[in-house]
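J.: show me how the following folds:
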Amino acid sequence: MDRYGYSVADSVVVTFGQCPKGQRDFLLRAFAHLADNPSGSSDFAEHPPGRHSVSVTRFGRWLIRWWPDHAVRMVRIIDITFVR
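T.: So this is what the prediction gives:
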């Protein structure tokens with residue numbers, strides 16, 4: 001089976017760029033994990049009105065909002081939030 005890639009929203013790039021290197025490395029591993037498991041379970045799902053379901057997965061102190069775009073074999077990472 002071909003591997004999925006991942007893409008990140010502009011807001012994710014901004015937050016990512018403000019993180020220390022250790023956190024950036026951690027997030028890159030989390031993004032790769034999601035791409036390796038696009039049908040994997042999430043901690044919970046959000047259902048915005050009129051939009052597709054968004055998976056929310058916790059990795060350490062981070063919540064990552066994403067959805068699998070199976071048509072183009074991509075995981076779309078739309079938000080990352082640091083949980084204090």
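J.: for Val54, name its beta-bridge partners.
T.: Beta-bridge partners for Val54, by DSSP bridges, are Glu46.
J.: dump the residue contacts of it.
T.: 45-48, 65-67, 78 (CB atoms under 8 Å, 6 or more residues apart in numbering). For every residue, glycine as well, the C-beta is placed using N, CA and C.
J.: and the spatially closest residue to Phe59 that is not a sequence neighbour, which of the three is it?
T.: By the measure of CB to CB, 6 or more residues apart in numbering, the closest residue to Phe59 outside its immediate chain neighbours is Ala30, 4.1 Å from it. Reducing the assignment to helix, strand or coil with DSSP: H, G, I helix; E, B strand; the rest coil, the entry for Ala30 is helix.
J.: about what we covered before: which of the contacts of Val54 tops the neighbour count?
T.: Counting by other CB atoms under 10 Å, Trp66 has the largest number of neighbours within those, with 26 neighbours.
J.: pretty sure that residue belongs to a strand, no?
T.: Yes. Following the definition three-state DSSP, Trp66 is counted among the residues of a strand.
J.: who touches it in this structure?
T.: When contacts are counted by CB under 8 Å, 6+ apart, Trp66 touches 6, 34, 54-55, 57, 75-78.
J.: and which of the residues you listed is nearest to Gln23?
T.: Distance to Gln23, by CB to CB, is smallest for Ile77 among these, at 15.0 Å.
J.: which elements pack onto the worst-scoring helix or strand of the chain on mean pLDDT?
T.: Lowest by mean pLDDT, DSSP states H and E among the helices and strands of the chain is strand 44-46, with a mean of 90. Strand 44-46 sits against strand 54-59, with contacts defined as 3 or more CB pairs under 8 Å, 6 or more residues apart in numbering; DSSP states H and E.
J.: so for the strand it packs on, what's the average pLDDT?
T.: For strand 54-59, the mean per-residue pLDDT is 96.
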